[in-house]
Structure formats: C-alpha cells, structure tokens
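Sequence and predicted model, in that order:
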Amino acid sequence: MNRVLNISLLVQLLLVAGFLGLAWQADQLMDKSGVGDLEAWNRFNNFAGIAFYGVALVWLATIILSLAGRAFGTPQAQLAVGMPPLALVLGWLLSWVI
C-alpha cells in the first residue's frame with residue numbers, strides 16, 4: 001500500500017508541475033488587454049485543464065484507496081493527500097511573484 005501511495009504522490013506532483021507550467025505559458029501568450037496568440041493560448045489552457053482534472057482524479061482515488069485500505073493515518077497517505085493541494089496553492093501564489 002505504501003508503494004502505491006508513493007507512486008500516487010509522484011504522479012500528482014508531476015501533474016501539478018505540468019498544470020502550473022502550462023498555465024504560466026498560457027498566461028505569457030495573452031496580454032491582459034486581450035492581444036496575443038489566441039489559438040496557442042487556447043491550446044495551453046486546454047492542456048492545463050487536463051492536467052488539473054488529472055490531479056483531481058488521482059487525488060480523489062488516493063483518498064478512496066487509503067480509506068479502503070485503512071491506511072489513512074500513515075505518513076505516506078497523509079503526504080499523498082495533503083501535499084498536492086499545498087503544492088497547487090503555493091505554486092499559484094508563486095506565479096503572482098514571478
């Protein structure tokens with residue numbers, strides 16, 4: 001069970017990094033006044049949405065799996081459930097600074 005939770009954490013963090021990177025690239029393509037490459041912005045925005053929904057799906061599956069396996073109190077389960085939302089929030093806040 002611990003191995004599955006560690007793999008889940010790795011997949012979630014990779015998807016979070018992909019989401020933040022794709023959202024940042026989409027933001028760079030469009031000016032705040034609406035001038036820019038709309039087609040490329042849509043493409044990056046769609047891929048960022050897929051990565052975000054992937055994080056949500058794997059996160060919910062991790063919660064269900066750790067509850068079903070009665071491993072929710074283990075450190076691996078706590079990291080696999082708590083780290084991805086924290087990484088999303090910190091990455092989003094960091095994007096305001098950069």
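That came in fine, so what should we check first?

what kind of secondary structure is the residue most central in space within the chain in?
Nearest to the geometric centre of the chain sits V16, at 2.5 Å (C-alpha atoms, centre = their mean). Applying DSSP: H, G, I helix; E, B strand; the rest coil to V16 yields a three-state assignment of helix.

packing partners for the longest helix seen in the chain?
Ranked by number of residues, the top helix in the chain under DSSP state H is helix 38-68. Counting contacts by 3 or more C-beta pairs under 8 Å, 6 or more residues apart in numbering; DSSP states H and E, helix 38-68 packs against helix 2-29, helix 75-97. (Glycine included, C-beta is placed from N, CA and C.)

Now do it and helix 75-97, the angle between them.
160 degrees (axes from the mean of the first three to the mean of the last three C-alpha atoms, to 10 degrees).

picking that back up, of the helices and strands packed on helix 38-68, give the one that comes closest to D37.
Among those, the nearest to D37 by C-beta to C-beta is helix 2-29 (5.0 Å).

what's that closest one packed up against?
Partner elements for helix 2-29 (3+ C-beta pairs under 8 Å, 6+ apart): helix 38-68, helix 75-97.

buried stuff in the longest helix of the chain?
41, 44-45, 47-48, 51-52, 54-55, 58-59, 62, 65-66 (16 or more other C-beta atoms under 10 Å).

Specify the angle between it and helix 2-29 in degrees.
Using the same axes, to 10 degrees: helix 38-68 against helix 2-29 is 160 degrees.

what's the average pLDDT for helix 38-68?
Averaged over helix 38-68, pLDDT sits at 95.

could the helices and strands packed on helix 2-29 go into TSV alongside distance to D31?
As requested, these are arranged in TSV below (distance: least, C-beta to C-beta, whole Å):
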stretch	distance to D31
helix 38-68	10
helix 75-97	17
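
Which of the ones you listed sits closest to L22?
The nearest among the helices and strands packed on helix 2-29, by C-beta to C-beta, is helix 38-68 at 3.8 Å.
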